[in-house]
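S.K.: let's see this in three dimensions:
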Amino acid sequence: MVRVKICGITNLEDAAHAVTCGADALGFIFHKKSPRYIDPVEAGKIIKELPPFATTVGVFVDLDKSEVRDIILKSGVRVLQFHGSEPPDFCRSFGVKYIKAFRVKDMDCLSGLSDYPDAAAYLLDAYSEKEYGGTGMTFNWDAAVYAKKAGRIILAGGLTPENVAEAVAKVRPYAVDVSSGVEATKGRKNPAAVEEFIKRAKGVI
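M.R.: This next block holds a predicted model:
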């Protein structure tokens, strides 16, 4: 069964609801330019209230090592997701499982996956010049099918309750990731959309 990550969590209510609905992981965005940014200390308060089997993922964009270490300490995230131009040695230097994100513009964008052989998974998102994720844009899912040769694929980019079942059927990814596709407003989730997304992704309906 495909795993589901609900990303862009900014409050305990959304986090608890997502876990109750069956989310396998929650994403906390530590990129200050994002409308879904959360302070690491506030993220830590939410994470302390979560059940033990909920995986927490910190999303980073081109921070330096000291900043990443400080955020890990303050928030308590268990998995790191690097969404910028972080090199392989940087990603593996924290001794924590990491996900490397790639913004897919064309098939050539996938050539870099092999540079991160120790990544726990590769997250594929739609390319945007202005934003690092959360754009609501999809990309050619054939690229994600091809990328599975490299390892575990987390499919992101423009997924919604309406298209996630189709995406899972076509790509058969390790996991799917959603943020804007289940929001009421930026940074706040729509509870009904979260529940529907998870059900459809996991094939309950």
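S.K.: nearest residue to Ser85 in space, please, no chain neighbours.
M.R.: The shortest distance from Ser85 to any non-neighbouring residue, by C-beta to C-beta, 6 or more residues apart in numbering, is to Asp62 (6.1 Å). Just so you know, the C-beta spots here come from the backbone N, C-alpha and C atoms, and that holds for glycine as well.
S.K.: buried residues in stretch 2-21?
M.R.: 2-10, 14-19, 21 (16 or more other C-beta atoms under 10 Å).
S.K.: quick one: contacts for the residue nearest to Ser85?
M.R.: Gly84, Ser85, Glu86 (C-beta atoms under 8 Å, 6 or more residues apart in numbering).
S.K.: quick one: the last one and Val19, what's the gap?
M.R.: In other words, Glu86. According to C-beta to C-beta, to the nearest Å, Glu86 and Val19 sit 28 Å apart.
S.K.: which helices and strands sit right next to the helix or strand of the chain with the lowest mean pLDDT?
M.R.: Here the helix or strand of the chain ranked lowest by mean pLDDT, DSSP states H and E is helix 141-147, holding a mean of 92. Applying 3 or more C-beta pairs under 8 Å, 6 or more residues apart in numbering; DSSP states H and E, one finds that helix 141-147 contacts strand 121-126, strand 153-155, helix 164-171.
S.K.: pull the number of nearby residues for the nearest residue to Leu113 once chain neighbours are set aside.
M.R.: Residue nearest to Leu113 in three dimensions, not counting chain neighbours: Ala150, with 4.1 Å by C-beta to C-beta, 6+ apart. Using other C-beta atoms under 10 Å, Ala150 is surrounded by 17 other residues.
S.K.: wait, Ala150 sits on Leu124?
M.R.: No: applying C-beta atoms under 8 Å as the test, Ala150 and Leu124 come out as separate, 10.3 Å apart.
S.K.: picking up where we left off before, so the residue nearest to Ser85, which state does it fall into?
M.R.: Under DSSP: H, G, I helix; E, B strand; the rest coil, Asp62 falls in the coil class.
S.K.: how far does stretch 89-98 sit from the chain's center?
M.R.: Relative to the centre of its chain, stretch 89-98 is centred 17 Å away, using C-alpha atoms, centre = their mean, to the nearest Å.
S.K.: got the contact list for it?
M.R.: Outside stretch 89-98, the residues that reach it (C-beta under 8 Å, 6+ apart) are 65, 68-69, 72, 78-82, 100, 116, 118-120.
S.K.: rerun that using 10 Å as the cut-off
M.R.: 55, 57-58, 60, 62-65, 68-69, 72, 77-82, 84, 86-88, 99-100, 115-121 (C-beta atoms under 10 Å, 6 or more residues apart in numbering).
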